[in-house]
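Asks: How does the following fold in three dimensions:
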Amino acid sequence: MIKNYLRIAWRNLTKNTVFSAVNLIGLSLGMATAILIGLWLWDELSFNRYHQQYDRIARVMQHQTANGTTFTSTATPLPMRNALANEFGADFSHMALSSWTEDHILAYGGNQFTKKGNCVETDFPLMISLKMLRGTAKNLDDPTSVLLSESVAKALFGESEPISKVIKIDNKHHFKVTGVYEDLPYSTEFREISFLLPWKFFLEDTPWVKRSETNWGNNSFQLFVEIAPGTGFEKVSAKIENIKVRHAREEARSNPRVFLHPMSRWHLHSEWDNGVPVRGRIQYVWLFGIIGAFVLLLACINFMNLSTARSERRAKEVGVRKAVGSGRRQLISQFLLESVLMAIMAFILALALAQLLLPVFNEVADKKIVMPWQNGPGWAVALGFTMLTGMFAGSYPALFLSKFNPVKVLKGSFQTGKAAILPRQVLVVVQFTISITFIIGTLVVLRQIQHAKDRPTGFERSGLISIPLTTSELRDHYEVVRQELLQTRAVVALAESSSPVDEVWSSDASFSWPGKDPNQLGDFGTVGITHEYGKTVGWRFKEGRDFSRRFSTDSLGIVLNESAVKFMGIKNPVGLNIQWNGLQYTVIGVIGDVITGSPFTPVRPTIYLLKQDWADFIHIKLNRTINVRQALSALEPVFRKHNPGSPFEYKFADDEYDRKFRAEERIGQLASIFTTLAILISCLGLFGLVSFLGEQRRKEIGIRKVLGASVANVWGLLTRDFIALVAIASLLAVPVSYYTLSDWLQTYAYRTELSWWIFASGVAITLVITLLTVGFQAIKVALLNPIKSLGEA
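Replies: As a prediction, this is how the structure comes out:
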């Protein structure tokens, strides 16, 4: 019997090629979209699971409150590590301090390149379960040892044995290779780390770090922990919450609350608002999960609509089969089998499409996803899901077709009537509602990204480059380098800083000033700079002046940004004395806010000080009258001279600032792609539906044309119902979109407005696409020869 069902199903599929092709393409596109989104979701949800102790690793973080607002930071003071170990050691299996990931120059023989690395304590490799391929990770207590990733070891030494070989880092320090570990996967927080250096070296080589060992106000370090078996993150967080209050009197006024942020939440729950996790990539996991489900739903709706639309063609088949003894259950089984067969064929085509599109998808999504061909259980689930999809898509047509009255059908008096048309109209409305919502949502996402891009940055990005000070040669001979660079005439101005122009890498909570609220914590971002930094980056002064070489007192001067002034609650900041680290500083100027960090969030209160010994970057403003390539060619010999053996590497401020939008732009691109696919699937359904309706009404149209109806009259006859359905869908989609998008935009401190034209555009785009899809088929039917139509009828 099953064999007979399959033969009949195949015959019906091959007999109606247009119907089969439209359904097959629609279902395969929907399934391919669902497969790609499913792979993306799995990659997101399994992020960081490479680490064996994934469910026990955490980052130590802190909430601090000032002026009624709670700030959340991943940076911690250095003495917190020992305080936690001494007071709560039994709650932790491992604990490790880490520097921030930075670029360093690695060299061996004739091989030299820049890679990112961290200085870490000895427990770090064990905590993140590095897979050692050679040597051991236990020698990081030696300040001259280094661990290399497999790819870096291969780039430095080729196929020769790397262990015990000595490499040079930053043209200054020599380290012995004591271990080589497997490259970390792309789906981990630590993927950029290519080598690890000992924490002891960091302490010895960086004086300010050594001085911070007892400074609870300097929040400049990362601290990772692995909790002991038998305990939990919430339990340990409750224990350590007030550790900073007990040890730091000055910072206690801000009510600092220390807590553990589990590794399982790093990737998807990474953003905070007033001490509460509000955003992160989890919102995109939900977004694309919903999109995938709706795109597949659109494909299923197409199948239902097309199957019921051609019901009159199969009515006689149902009547004959019922007359010869077929029961309704047998007919339902037959129609469901046809749907499942169609779904399996679509799934095979979808797999081919997904594999073909995966490289492009990875490029857009910034992923390295591969098709899990060897995952047997996963494919069994996928096949089961495919069959369920086929049964879901075929359920309504099967129930609808199997209930036909055989007597009416065989007499020729059977008509589907409104009972069949209404469900199809409802399904079309659902399709239009989803499409309009997708279009409006995509427009708002793209508008929000552009809104943030149009936000004043507070500095001039054009012609500004940054060069990392990876070696001491440039830092120690900065004044000589500065003079020689200015003499090239390719440079207008240059200066040093401790952070990139659009970032703040450190903060301090020990500032105080006259009139400061005793309960207020002066927690500011701190940036050390040199003279002419403001001129180089294009600061916009609101009050006062820039640092000047003419005033020796500027060594104890301070420049505030506007957010700092508001944070402090002062009206006349210039000339104000501020106490910090036992010294009295004077505010000499106030600048407009420079966007540091995310362009979607408020600017952090920041203090700029003259601190050349903090310098990690040289920033150079290029001469606009000289070609950029020529200007860079003029700069390179100067850096080669004073930093021999190091590559001349630089970054444009424009490019670095644009990187801040990469994640949102990728989401916008993916949303645009999936919206386009949803519309395409809907159009396929409409195209097939109008084809069948036109064929069904061919005799009626022929009569109308004989009686004088024009092509425009016939076009209006076939399109007006769909225009009405678009109108109904608009009434549903607009309020749903407004509510959902308003809620989403509330998660951004700097956000666009929901203008009326966005919703009008979504409806208009859907209407135009509908008219083009329906109108093409309508005109084709309207142009048929009425004599031929009536003759065939």
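Asks: in the protein, what secondary structure element scores lowest on mean pLDDT?
Replies: Every helix and strand in the chain was compared by mean pLDDT, DSSP states H and E; the lowest is helix 406-411, with a mean of 55.
Asks: Now do the buried residues in the next helix or strand after that helix.
Replies: Toward the C-terminus, helix 406-411 is succeeded by helix 417-453 as the next helix or strand (DSSP states H and E). Buried residues in helix 417-453, defined by neighbour count with 16 or more other Cβ atoms under 10 Å: 424-425, 427-449, 451-452. C-betas here are computed from N, CA, C, even on glycine.
Asks: residues touching residue 681, list them.
Replies: 26, 29, 30, 295, 298, 299, 302 (Cβ atoms under 8 Å, 6 or more residues apart in numbering).
Asks: Please list the members of the residues you listed that lie in strands.
Replies: For the contacts of residue 681, not one is inside strands, with DSSP state E as the criterion.
Asks: Return the member of those residues nearest to residue 532.
Replies: The nearest member of those to residue 532, counting by Cβ to Cβ, is residue 295 at 54.7 Å.
Asks: Mind pulling up the pLDDT for that closest one?
Replies: At residue 295, the pLDDT value in this model is 88.
Asks: pretty sure it contacts residue 676?
Replies: No: Residue 295 is not in contact with residue 676 according to Cβ atoms under 8 Å; the separation is 10.5 Å.
Asks: more crowded one of the two?
Replies: residue 295 (25 against 13; other Cβ atoms under 10 Å).
Asks: State the distance from that one to residue 19.
Replies: 21 Å (Cβ to Cβ, to the nearest Å).
Asks: give me the number of residues near the closest residue to residue 27 other than its chain neighbours?
Replies: For residue 27, ignoring the flanking residues on the chain, the nearest one in space by Cβ to Cβ, 6 or more residues apart in numbering is residue 346 at 3.5 Å. Neighbours of residue 346 under the rule other Cβ under 10 Å: 27.
Asks: so which helix or strand takes in residue 346?
Replies: Using DSSP H and E, residue 346 falls in helix 328-365.
Asks: and that helix, what does it pack onto?
Replies: Contacts defined by 3 or more Cβ pairs under 8 Å, 6 or more residues apart in numbering; DSSP states H and E place helix 328-365 against helix 2-15, helix 17-45, helix 282-309, helix 311-323, helix 376-402, helix 662-696.
Asks: If we go by neighbour counts, what in it is buried?
Replies: 331-347, 349-351, 353-354, 357-358, 361-362, 365.
Asks: Double-check that residue 501 belongs to a strand.
Replies: No: counting by DSSP: H, G, I helix; E, B strand; the rest coil, residue 501 is not found in a strand; it is coil.
Asks: close enough to count as contact, it and residue 620?
Replies: No: contact criterion Cβ under 8 Å: residue 501 and residue 620 do not qualify, at 11.3 Å.
Asks: Now for these two: what residues contact both?
Replies: Common neighbours of residue 501 and residue 620 (Cβ under 8 Å, 6+ apart) are 464, 466.
Asks: residues contacting residue 596?
Replies: 499, 502, 503, 504, 525, 603, 604, 606.
Asks: Show me the two of these that sit farthest apart.
Replies: Pairwise over the contacts of residue 596, using Cβ to Cβ, the maximum falls at 499 and 603, 13.9 Å.
Asks: between the two, who's got more neighbours?
Replies: Legend: neighbour count by other Cβ under 10 Å for residue 499 and residue 603, higher for residue 603 (24 against 19).
Asks: okay, now the residue lying closest to the more buried one once chain neighbours are set aside: neighbour count?
Replies: Excluding the flanking residues, the one nearest residue 603 by Cβ to Cβ, 6+ apart is residue 593, at 4.0 Å. Residue 593 sits with 22 neighbouring residues when counted by other Cβ under 10 Å.
Asks: Ok, residue 669 next?
Replies: 16.
Asks: Check residue 479 too.
Replies: 10.
Asks: Quick check, residue 300 in contact with residue 31.
Replies: No: checked against Cβ under 8 Å, the pair residue 300 and residue 31 is beyond contact range at 10.2 Å.
Asks: Which one of these two is surrounded by more residues?
Replies: residue 31 (28 against 23).
Asks: For that one, list the residues it contacts.
Replies: 296, 299, 346, 347, 350, 386, 389.
Asks: Next: residue 344.
Replies: 383, 386, 387, 390.
Asks: ok, the first one touching residue 348?
Replies: So the one you mean is residue 383. No: taking Cβ under 8 Å as the definition, residue 383 is not a contact partner of residue 348, at 10.4 Å.
Asks: Tell me who's in contact with the one residue sitting closest to the centre of the chain.
Replies: The C-alpha lying nearest the average C-alpha coordinate of the chain belongs to residue 663 (Cα atoms, centre = their mean; 3.8 Å). Going by Cβ under 8 Å, 6+ apart, residue 663 touches residue 281.
Asks: try residue 725
Replies: Counted by Cβ under 8 Å, 6+ apart, residue 725 has contacts 425, 428, 429, 432.
Asks: pretty sure it is in a helix, no?
Replies: Yes: using three-state DSSP, the secondary structure at residue 725 is a helix.
Asks: For residue 767, see how far away it is.
Replies: In terms of Cβ to Cβ, residue 725 sits 11 Å off from residue 767.
Asks: What of residue 517?
Replies: Taking Cβ to Cβ, one finds residue 517 at 58 Å from residue 767.
Asks: what about these two, which has more around it?
Replies: It is residue 767, of residue 517 and residue 767, that has more neighbours when counted by other Cβ under 10 Å, with 18 against 12.
Asks: Could I get the contacting residues of the more buried one?
Replies: Contacts of residue 767 by Cβ under 8 Å, 6+ apart are 723, 726.
Asks: SS state for it?
Replies: Under three-state DSSP, residue 767 comes out as helix.
Asks: do the same with residue 119
Replies: strand.
Asks: Point me to the helix or strand that includes the closest residue to it other than its chain neighbours.
Replies: Of all residues not flanking residue 119 in the chain, residue 202 sits nearest, at 3.6 Å (Cβ to Cβ, 6+ apart). Assigned by DSSP H and E, residue 202 belongs to helix 199-205.
Asks: contacts for that helix?
Replies: Counting by Cβ under 8 Å, 6+ apart, 96-99, 119-122, 140-144, 173, 209-210, 213 sit against helix 199-205.
Asks: how about a cut-off of 10 Å?
Replies: Residues from elsewhere that reach helix 199-205 (Cβ atoms under 10 Å, 6 or more residues apart in numbering): 78, 81, 96-99, 118-124, 140-146, 169-170, 172-173, 175, 197-198, 209-210, 212-213, 221, 472.
Asks: What residues of that helix count as buried?
Replies: For helix 199-205, by 16+ other Cβ under 10 Å, it's 199, 200, 201, 202, 203, 205.
Asks: Much appreciated, bye for now.
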